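Enquirer: I'd like to go over a predicted model; first the sequence, then the structure.
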Amino acid sequence: MHILLVEDDDSLAAGLKQALGHEGFVVNHVATGKLALAAVAAELPDIIVLDLGLPDIDGLEVLSQLRSSGIRTPVLVLTARGELDDRITGLDRGADDYLPKPFDIQELAARLRVFERRLSTSASSTIRIGDVELDTAAHAVNVAGVPVEMPRREYMLLKTLMESAGKVLTREALEARLYSWGEEVSSNALEVHIHHLRKKLPEKLIKTVRGIGYTVPAA
Ligand code: CA
């Protein structure tokens with residue numbers, strides 16, 4: 001799940017990014033309201049974690065602008081202690097949840113998992129292509145009914161490809177789903193994951209589109 005973290009406290013942001021990364025979330029971080037709006041316009045995250053006290057545009061104003069431009073992405077608001085009015089205003093303006101500061105990172109992770117479950121149950125949680133069945137709620141993959149062990153990035157890569165079955169995904173698009181901004185990625189990391197996936201999946205499920213990227217056929 002892709003999280004856009006909007007937080008101007010850099011040390012808090014760095015800690016969250018690391019801790020949530022361990023929990024299997026991909027976190028992109030921006031420190032201002034303007035950058036948050038630009039990031040959402042460039043690529044919709046799965047959820048936005050939004051601090052209210054930002055140096056440029058107030059977090060509540062960021063939220064209003066997102067909602068008035070029709071963006072329905074869930075927003076979890078972080079509020080400083082005592083900002084009860086802000087919490088109420090935030091919920092009124094379309095926030096989906098809030099967490100008062102200071103908070104336990106494990107609690108934030110637990111709340112994010114609630115959103116993740118909601119996202120994955122909003123549609124069918126199973127994607128099936130031929131013999132390959134991917135259960136997005138259980139994070140499990142079966143091939144011809146047999147469970148296949150898959151490290152997190154391989155799973156995310158396969159999920160991304162299967163969700164876009166029939167479309168060609170460019171290397172850049174796949175890397176954006178797999179890694180957060182600025183994360184060290186070796187130039188052949190994607191190929192290595194594809195190589196490992198192919199050994200676990202039916203032959204020819206993942207096709208290379210020369211010079212562009214990869215695709216799996218529609219079911
Ligand atoms: Ca702040």
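Expert: Right, received. Where do you want to start?
Enquirer: go through stretch 169-176 and flag the buried ones.
Expert: Going by neighbour count (16 or more other Cβ atoms under 10 Å), the buried part of stretch 169-176 is 169, 173-176. C-beta coordinates here come from the backbone N, C-alpha and C atoms, glycine included.
Enquirer: closest one of those to I88?
Expert: A176 (35.4 Å; Cβ to Cβ).
Enquirer: next one: A137 from L205, what distance?
Expert: For A137, the distance to L205 equals 22 Å [Cβ to Cβ, to the nearest Å].
Enquirer: so between these two, which is more surrounded?
Expert: Neighbours were counted for A137 and for L205 using other Cβ atoms under 10 Å; L205 has more, 21 against 13.
Enquirer: A strand includes V141, no?
Expert: Yes - residue state for V141 (DSSP: H, G, I helix; E, B strand; the rest coil) corresponds to a strand.
Enquirer: that one bridge partners, please.
Expert: Bridge pairing for V141 (DSSP bridges) gives the partners L134, V148.
Enquirer: how many residues are close by it?
Expert: V141 - counted by other Cβ under 10 Å - has 23 other residues nearby.
Enquirer: how many neighbours does G145 have?
Expert: Look at G145: counted by other Cβ under 10 Å, it has 7 neighbours.
Enquirer: now do it against the ion, distance only.
Expert: Distance, G145 to the ion, by Cβ to the ion, to the nearest Å: 50 Å.
Enquirer: now for that residue: which residues touch it?
Expert: Contacts here follow Cβ atoms under 8 Å, 6 or more residues apart in numbering; on that basis G145 touches nothing.
Enquirer: many thanks, we can stop here.
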